[in-house]
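Trainee: sequence and predicted structure, then a few things I'm wondering about:
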Amino acid sequence: MATTLALLRACHLAPTLAVTAVVAVLVVVAGLPPVTGVVLTAAVLAGQLSIGWSNDLLDADRDALVGRTDKPVATGALPRAVVRRALAVVLAVCAVASLAAGLLSGLVHLVLGVGSGWAYNLGLKRTVWSFLPYAVAFGALPVLVWLAGDPARLPPAWMVAAGSLLGLGAHLLNVLPDLADDAATGVRGLPHRLGARASGLLAVGCLVAATAVIVLGPAGPTPGWAWAVLAGGVAGAAGALRLGGKAPFRAAMVLAVVDVVMLAARG
């Protein structure tokens with residue numbers, strides 16, 4: 001039980017479940033057959049687990065250096081050998097399930113989705129290009145879902161654009177709480193170079209832009225409620241920016257949830 005709980009703590013559970021939930025929503029929007037949808041969602045969950053566990057495994061020494069007591073691999077509560085075995089299992093599940101959902105869909109997931117996450121962990125997080133894996137991976141989510149339904153069908157461009165904007169916002173929000181620890185160990189991705197305030201502002205801007213794309217992107221007339229959500233998002237973001245402090249961060253978190261709900265409704 002202790003090992004299981006430690007594995008859950010080390011897998012970056014909230015982002016893992018969030019990305020998996022987004023794919024589950026897209027599966028419903030795309031109208032995938034139930035079996036295909038379940039297999040694809042399981043593939044994404046396994047891929048996200050591999051990204052989370054590899055992140056903590058690769059960063060264990062750095063996390064120990066700055067005294068991260070919330071990292072069980074760094075504290076020794078979770079043996080590294082256990083994490084390596086868990087990684088082997090979920091990577092095998094991810095590969096088999098991804099390809100079972102469809103060859104093209106599986107390749108997109110393994111290369112652009114899981115591959116981007118691992119590229120971030122293996123070094124891109126320390127460069128000005130730290131945002132790129134997030135933008136690519138999130139933008140690829142609707143692509144792999146649509147290809148699983150029909151290898152000749154791609155999602156609308158607005159959905160890919162919204163996914164990439166959500167990914168950039170997610171990157172900024174994910175890094176903001178760890179800026180000081182990262183700086184102490186030489187990690188200088190895009191948010192570190194921009195600074196906390198500029199990164200918070202950019203995160204809000206990306207998520208407002210994603211909301212606008214989701215509202216305005218689909219063909220046909222835009223319903224009144226969608227205009228109301230966009231106006232509310234812009235007003236809320238403006239108010240948060242005026243307040244300063246942690247308000248932009250909280251506003252960006254709310255906008256991220258709103259965007260996912262809107263993606264389902266407008267898709």
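Mentor: Perfect, thanks for sending it. Nothing here was measured: the structure is a model prediction, and the numbers come from that model.

Trainee: SS state for W129?
Mentor: coil (DSSP: H, G, I helix; E, B strand; the rest coil).

Trainee: need phi/psi at it.
Mentor: Here is the backbone geometry of W129 (degrees, to the nearest 10): phi -90, psi 20.

Trainee: tally of neighbours for the spatially closest residue to it that is not a sequence neighbour?
Mentor: With CB to CB, 6 or more residues apart in numbering as the criterion, W129 has its nearest non-adjacent residue at 7.5 Å, and that residue is L190. Backbone N, C-alpha and C define where each C-beta goes, glycine included. Counted with other CB atoms under 10 Å, residues neighbouring L190 total 21.

Trainee: also V19?
Mentor: 23.

Trainee: residues in contact with it?
Mentor: By CB atoms under 8 Å, 6 or more residues apart in numbering, V19 lies in contact with 44, 48, 141.

Trainee: with neighbour count, pLDDT and distance to T16 added, can I get these in TSV?
Mentor: Formatted as TSV, those follow (neighbours: other CB atoms under 10 Å; pLDDT from 0 to 100; distance: CB to CB, whole Å):
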residue	neighbour count	pLDDT	distance to T16
V44	29	97	9
Q48	26	96	4
L141	27	94	14
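
Trainee: which helix or strand contains V160?
Mentor: V160 is part of helix 157-175, with elements assigned from DSSP states H and E.

Trainee: and that helix, how far out from the chain's middle?
Mentor: The chain centre lies 8 Å from the centre of helix 157-175; the measure is CA atoms, centre = their mean, to the nearest Å.

Trainee: the residue nearest to W146 when sequence neighbours are not counted in helix, strand or coil?
Mentor: Using CB to CB, 6+ apart and skipping the chain neighbours, the partner closest in space to W146 is P155 (4.3 Å). Of the three states, P155 takes coil under three-state DSSP.

Trainee: okay, P155: pLDDT?
Mentor: With respect to pLDDT, P155 scores 91.
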